[in-house]
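[1] Whatever this is, show me its structure:
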Amino acid sequence: MSGRIFNNTRTASKLFFNSHKSTFVKASKALFTLSVATPIIYQLYKSTKQNVEIHAEENHVNDQSVSTRLQKAGQAFNTEQETPIIRIVITGGPCAGKSSAMIKLSERLKSLGFEVFIVTEVATLLVTSGVRLNTPDATWEQMIQNESVLLRTKMALEDGLVDIAKASKKPTIILCDRGVMDSRAFLDDNSWHALLDMNTWTTTKLRDSRYDCVIHMVTAALGAEKHYTLTNNEARKESPEEAAEQDKRLRGAYVGHPNLYIVDNRSTVFEHKIQRVLDLVLHQVGQPRPINYRRKFLVKDADIHLEGNIPFQECEIEQVFLNSKSKNERTRIVKRGQLGVYNYTIYNTTISKDGNEEASVSRPISAKTYMSLMQQSDPDRVVTNKKLRSFVWENHYYELHMYQTPGHGQGVQVLSVEVEPSIFKEKGVDAMIPEFLKSTLDKDVTHSVYSSYDFAKRNKKNDV
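    Below is the predicted model of the structure:
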């Protein structure tokens, strides 16, 4: 009798386990990720806290105008996240200068009054912990599982530091040594899609939702070949040719992100490259800069010429401008999506009185907040829609804006690119237009009315 009960119990247990197998597997994966990430998060928090305490006194007397501006903008946004927290990825090919840039960024941002947390490269953390990643004898299944653990650990680290930043209630910059999309550069399409399916992730969410800004530092193997070296990193094995190819794959993984910047090796002075990275980050957190950093060109039928010439990402954008009390301040909410997956952001831009400079900050919001803020739309402007195609050419990140709102710029195409004024002055318009789009160029419209803000202006005769 007791044997029968034991057998029945064992059978029932087996049936219960099989019916809930996927739940147990997910739970075990989550526990493993937490077991790896928790001590690392604690150590990161401990070291960051010590750094903050060391610099606290000097930060108090330093210029805090940037972080103050960000704090005020955050309050003005009236979103669900009260503490301004900005996540920035520093990525790039081998021997690009990432480590040096992270050190300089941390020092400068702390001097401006920000808390600064650094998420170190997770692959290195796991390897130094004794984990053997993707050994030569690893199967495809093991490789995908390892990559999955690596990404989940990285996300746990990043999210843990976000929670610490929220608790501190201080403006915080989280600098990430590489982002989750870096993995895309090392996987073929089938492996990447399998990784996404295993974890119910989407490319759009991983690429566009996790980070406020992505800065790609180009490897020295492209443009600064004599400075490419393997001596300062034991883990670096790539030849210059391999480094160049890896660099191109990495930047391609982030094409489509709304704030992707590429910092190349046009200057022979490495400190100039670091300064350009610093300037980009400072602008991202609200530092004013000349408007003509972003050049705009009116083009015709550029979408047709782009097809088949170069890889690009296309997304749909809906923009709503909100009521503003100042003519020099603009606030807009943006719904940006690809393949049915959407992200929502609010932007606050301040234009200088002479119209030559702008300071802008942005923050992610929820779909619920987006719908709520639509009730505060500017009555003098309509909701505008456009398609946006993003691509990289000659170390520059281009965006082709194709306006679609009837009566408000429908059919107009504007090509925009981020470029330093000194470089643009040196190269000129012709050099900044990709070869395959030169025949589409109409004129430079950087300082004219070809913008979403101007196209959204309500025409009282035609608009209801």
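
[2] Just the pLDDT for residue 352.
    Among the per-residue scores, residue 352 holds a pLDDT of 83.

[3] mind listing what it touches?
    With contact set as Cβ atoms under 8 Å, 6 or more residues apart in numbering, residue 352 has these partners: 288, 328, 358. For glycine as for every other residue, the C-beta is placed from the backbone atoms N, C-alpha and C.

[4] burial count for the first one?
    It refers to residue 288. 17 (other Cβ atoms under 10 Å).

[5] same thing with the second one?
    For residue 328, the tally of surrounding residues (other Cβ under 10 Å) stands at 12.

[6] right, and it touches residue 353 too?
    Yes: using Cβ atoms under 8 Å, residue 328 is in contact with residue 353, at 6.6 Å.

[7] Let's see the pLDDT reported for residue 78.
    44.

[8] How about residue 64?
    48.

[9] before we move on, what about residue 38?
    pLDDT, residue 38: 50.

[10] what's the answer for residue 24, then?
    Listed pLDDT for residue 24 reads 42.

[11] Equivalent analysis for the one 10 residues further on, please.
    Among the per-residue scores, residue 34 shows a pLDDT of 47.

[12] Use 55 as the first number from now on
    Shifting the count to begin at 55 puts that one at residue 88.

[13] Now do the domain split for this structure, please.
    With domains defined by automatic domain parsing, the chain comprises 83-341, 346-509.

[14] Any idea which of the ones you listed has the lowest pLDDT on average?
    Averaging pLDDT over each of these puts domain 83-341 lowest, since it has a mean of 82.

[15] Quick one: the strands in the stretch 405-518 of the chain, in order.
    411-419, 438-447, 450-457, 467-472, 495-498 (DSSP state E, counting those that start in this stretch).

[16] out of those, which comes closest to residue 261?
    Each of the strands of the stretch 405-518 of the chain has some distance to residue 261 by Cβ to Cβ; the shortest is strand 438-447, at 10.8 Å.

[17] Residues in contact with the closest one: which ones?
    305-306, 309-311, 314, 316, 357, 360, 364-373, 390, 451-459, 462-463, 488, 506, 509-510.

[18] Just say helix, strand or coil for residue 373.
    Under the three-state scheme (DSSP: H, G, I helix; E, B strand; the rest coil), residue 373 adopts strand.

[19] Count the neighbours of it for me.
    What residue 373 shows, counting by other Cβ under 10 Å, is a neighbour count of 21.

[20] Just list whatever residues bridge to it.
    residue 388, residue 438 (DSSP bridges).

[21] Measure how buried the nearest residue to residue 279 once chain neighbours are set aside is and give me the count.
    Nearest non-adjacent residue to residue 279, counting by Cβ to Cβ, 6 or more residues apart in numbering: residue 294, 6.2 Å away. Neighbour count for residue 294, taken as other Cβ under 10 Å: 17.

[22] out of the strands of the stretch 405-518 of the chain, nearest to residue 188?
    strand 438-447 (27.5 Å).

[23] Can I get the closest one in CSV? Just the C-alpha atoms.
    Taking Å, rounded to 0.1, in the frame of the first residue of the first chain, the C-alpha atoms of strand 438-447 are listed here in CSV:
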residue,chain,number,x,y,z
THR,A,438,2.4,65.4,-37.4
ASN,A,439,3.6,62.0,-38.8
LYS,A,440,6.6,61.0,-40.8
LYS,A,441,8.7,58.0,-41.7
LEU,A,442,12.4,58.1,-40.7
ARG,A,443,15.2,56.1,-42.4
SER,A,444,18.5,56.0,-40.6
PHE,A,445,21.8,54.9,-42.1
VAL,A,446,25.6,55.3,-41.7
TRP,A,447,27.8,56.6,-44.4
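
[24] and it, which residues are buried?
    Buried residues in strand 438-447, defined by neighbour count with 16 or more other Cβ atoms under 10 Å: 438, 439, 440, 442, 443, 444, 445, 446, 447.

[25] from the residues you listed, which single one is nearest residue 377?
    Nearest member of the buried residues of strand 438-447 to residue 377, counting by Cβ to Cβ, is residue 438, at 16.2 Å.

[26] how far away is that closest one from residue 368?
    Residue 438 sits 17 Å away from residue 368, going by Cβ to Cβ, to the nearest Å.

[27] do the same with residue 297
    Distance of residue 297 to residue 368, given as Cβ to Cβ: 30 Å.

[28] And residue 155, by the same measure?
    Taken as Cβ to Cβ, the span from residue 155 to residue 368 is 31 Å.

[29] more neighbours, the two?
    residue 155 (25 against 16).

[30] what's in contact with whichever strand or helix holds residue 316?
    Assigned by DSSP states H and E, residue 316 belongs to strand 314-317. Residues outside strand 314-317 that contact it (Cβ under 8 Å, 6+ apart): 146, 267-272, 305, 308, 327, 330-331, 334, 444, 446, 449-451, 472.

[31] my read: residue 423 touches residue 389, true?
    No: using Cβ under 8 Å, residue 423 makes no contact with residue 389, being 11.4 Å away.

[32] what touches both of the two?
    With Cβ under 8 Å, 6+ apart, residue 423 and residue 389 have common neighbours residue 398.

[33] Please enumerate residues in contact with stretch 390-400?
    Residues outside stretch 390-400 that contact it (Cβ under 8 Å, 6+ apart): 131, 133, 256, 258-259, 262-263, 310, 312, 367-371, 385-389, 416-421, 423-424, 427, 442.

[34] And it, how far out from the chain middle?
    Here stretch 390-400 shows a centroid-to-chain-centroid distance of 14 Å under the convention Cα atoms, centre = their mean, to the nearest Å.

[35] Same question for stretch 398-410.
    Chain-centre distance of stretch 398-410: 20 Å, with Cα atoms, centre = their mean.

[36] what comes up buried for that stretch?
    In terms of neighbour count (16+ other Cβ under 10 Å), stretch 398-410 has its buried residues at 398, 399, 400, 401, 402, 403, 404, 405.

[37] Kindly report the same for stretch 295-310.
    Within stretch 295-310, the residues that qualify as buried are 297, 298, 299, 300, 301, 304, 305, 306, 307, 308, 309, 310, counting by 16+ other Cβ under 10 Å.
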